[in-house]
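> Quick one: sequence plus predicted model below, questions after.
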Amino acid sequence: DNASLWGGRFTEATDSFVQRFTASVSFDQRMAAQDIRGSLAHAQMLTGAGILSAEEHEAIVEGLARVQEEINNGDFPWSVEREDVHMNIEARLTALIGDAGKKLHTGRSRNDQVATDIRLYLRDAIDAICEELTRLQKGLVGLAHTHAATVMPGFTHLQGAQPVTFGHHMLAWNEMLERDYGRLEDCRARMNQCPLGAAALAGTTFPIDRARTSDALGFDQPTRNSLDSVSDRDFAIEFTAASALILTHLSRMSEELVLWTSAQFQFVELPDRFCTGSSIMPQKKNPDVPELVRGKTGRVNGHLVALLTLMKSQPLAYNKDNQEDKEPLFDCIDTVLDCLRAFGDMVPHIKPREARLREAARAGFATATDLADYLVRKGLPFRDAHEVVGKAVAEGVRLETDLADMSLDRLQSFSELIGEDVFDVLTVEGSVAARDHLGGTAPAQVTSAATDAATRLESR
Ligand code: ARG
C-alpha cells in the first residue's frame, strides 16, 4: 500500500483519485534519461565526498544502467503509485540493488532533481531546435542565391508598393529566424546552471561538491541561491516565449505562402507532396502544411500564457504548481520541432513563377517612387516630385496604363524635366537594381547578403 511511499508520517493511504490527480509519471517519464544522468552525476559526487562507498556507487551505476535498459525496451514497471519519474526510478533501482538504491537520495530532493532534469531536457531540445532552424535558414539562403534577381512585387498594406527581388524576400524571412536563433542561444546560456545541491530549498547538511555535479552534467556553473534554484521556471517561460516568436515568424511566412499559391496570386508553386486535395472539388491543391503551421502558432502562444500564469504570484520556494510546467513545455518543443521540420523540408522546393511575379511587380504603378526619385535627381524637391508623379499616376489609373507604358510626350506633360532616360528607371529591373546599398533589394546586394548569411550559418 502506498502509505509507505512517505514512510512513517501517514496513517492512511492516499485517496486513489488524489493519487492519480497528483501524479506526473504519465508525462514526466519523458525525462527518464535526464533523471538517470543526473543521478549518476549525484552518485559520483557523493562517492567522491565519502558519503557512498565505492561498492555502493558501482551497484548504483549498474542498477541505473539496467533501469535505462528496461525503459528502452518498454518493460519498465511504471506505476502511478510512485507518483513521478523520480520515485519510479528510485524505487525500481532499490528493488534491483537493495540498500544502495535507498542511499542515492542523500543530500538531494526531488525539488532540485526535477529542476535539473528539466534543464537537461530543455538544453537538448534547444540544440535540436537550433539544428532545424539552421537547416531551414540554409534553405532560405539557397533560394535567395538562386533568385537574387527574380523580380516580384513588394507590398505595404498588402497593396503593391515597390518591386523587390524574391531573394530579398527570402533573406527577410531569414533575418527573423536569425534573431530567433539568438534568442534560443541566450535562453540556453542563462538556463545552463546546475540546481543540484539546493535540495528541497535550503541546501543540505552533507559535504557536497556542487561544482563537481555541475561539471559532470555539462552546466556552466552551479546556481547561486538554493531557494531560487528549486522554484523558478523562468527559463521554461523564456524558451516558450522564444518559441512563440518562432511560430509567429513561421505563421507570417505561412500566410504569404497561402496567398502566393492561390490561383489569384500564382506567385509560387509548392510541391504536391506538401499539399492535399479536396474530397469534393477536383481542382483543389491546398497548402495544408503552411496553414497548419499558421494554426499551431495559437497552441504555442497558449503554452506561453499557461506558463506565465503558472508562475505568477508563486511564493518561494518550490510549489506543486510547478509540476504543471511539463506538458506545455513538452508540447511546445514537439510543435516547434515539427513545424521547423515541415518548413525545412518544404522551403528548398518552393518554385517562384518568374514571369508571373514580374508581371505582378509591374502592376499598381510600382515604379512611381522611382519616377519621383528621378525628378529629384533632375533638381525638383522631393515633395514637388511626389505631387507630379501622383498626377501622372492618376492619369494612368484613368487610362489604365502603367507609367512605363506611357509615351514620352505624355510623361513630359507632367514635367519638362522628364527625358528619354526616364524609361530606364521605370522598368522593374531598373527599380530594384537602383536600390544598391547595404540592406537594399538590388540583385548584387542580395547576392552578397546571401553569401554573408551562408557564411554565418556555416560558422554556427
Ligand atoms: N513531480 C514533481 C514536479 O514535477 C517533482 C517535484 C516534487 N516535489 C515535491 N516536493 N512534491 O514538480
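Ah, there it is. Numbers count the residues shown, from 1 in each chain.
> residues contacting the residue of the stretch 201-350 of the chain found nearest the ligand?
As assessed by Cβ to the nearest ligand atom, the ligand sits closest to residue 323 within the stretch 201-350 of the chain, at 3.6 Å. Where C-beta positions appear, they are placed from N, C-alpha and C, glycine not excepted. Going by Cβ atoms under 8 Å, 6 or more residues apart in numbering, residue 323 touches 24, 28, 84.
> The last one: neighbour count?
Close neighbours of residue 84, defined as other Cβ atoms under 10 Å, add up to 23.
> what does residue 207 give?
By the criterion of other Cβ under 10 Å, residue 207 has 10 neighbours.
> how far away is the residue lying closest to it once chain neighbours are set aside from residue 213?
Leaving out its chain neighbours, the residue that sits closest to residue 207 by Cβ to Cβ, 6 or more residues apart in numbering is residue 49, at 5.3 Å. Using Cβ to Cβ, to the nearest Å, residue 49 is found at 10 Å from residue 213.
> More neighbours: which of those two?
Neighbours were counted for residue 49 and for residue 213 using other Cβ under 10 Å; residue 213 has more, 27 against 15.
> In a helix, that one, correct?
Yes: applying DSSP: H, G, I helix; E, B strand; the rest coil, one finds residue 213 inside a helix.
> pLDDT value on it, please?
pLDDT for residue 213: 98.
> How about the residues of the protein by the ligand?
Within the chain, the positions near the ligand by Cβ under 6 Å from any ligand atom are 24, 28, 84, 110, 111, 114, 318, 320, 322, 323.
> Just the buried subset of these, please.
Among the residues of the chain next to the ligand, the ones that count as buried by 16 or more other Cβ atoms under 10 Å are 24, 28, 84, 110, 111, 114, 318, 322, 323.
> want to throw those into a markdown table with secondary structure and pLDDT?
Shown next, in a markdown table, are these (DSSP: H, G, I helix; E, B strand; the rest coil; pLDDT from 0 to 100):
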| residue | secondary structure | pLDDT |
| --- | --- | --- |
| 24 | coil | 98 |
| 28 | helix | 98 |
| 84 | coil | 98 |
| 110 | helix | 98 |
| 111 | helix | 98 |
| 114 | helix | 98 |
| 318 | coil | 97 |
| 322 | helix | 97 |
| 323 | helix | 98 |
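> quick one, what contacts residue 200?
Contact partners of residue 200, counting by Cβ under 8 Å, 6+ apart, are 109, 111, 112, 230, 317, 318.
> Could you count how many residues lie near the first one?
Neighbours of residue 109 under the rule other Cβ under 10 Å: 19.
> my guess is it contacts residue 230, does it?
Yes: the criterion here is Cβ atoms under 8 Å, and residue 109 meets it with residue 230 at 7.4 Å.
> Mind listing the shared neighbours of those two?
Shared contacts of residue 109 and residue 230 (Cβ under 8 Å, 6+ apart): 198, 200, 201.
> Quick one: end-to-end distance for stretch 149-166.
Terminal residues of stretch 149-166 lie 7 Å apart, using Cα to Cα, to the nearest Å.
> quick one: buried residues of it?
So stretch 149-166, judged by 16+ other Cβ under 10 Å, has buried residues 149-155, 160-166.
> same question, stretch 69-84
70, 71, 76, 78, 80, 81, 82, 83, 84.
> name the element the residue lying closest to the third one once chain neighbours are set aside belongs to?
Which is residue 76. Leaving aside its sequence neighbours, residue 76 sits nearest to residue 70 (Cβ to Cβ, 6+ apart; 4.1 Å). Following DSSP states H and E, one finds residue 70 within helix 54-73.
> ditto for residue 89
helix 85-97.
> State the pLDDT value of the residue nearest to residue 147 when sequence neighbours are not counted.
Setting aside the residues directly before and after it, residue 147 is nearest to residue 166 in space (Cβ to Cβ, 6+ apart), at 3.9 Å. With respect to pLDDT, residue 166 has a value of 98.
> need the contact list for residue 15.
With contacts defined as Cβ under 8 Å, 6+ apart, residue 15 has no neighbours.
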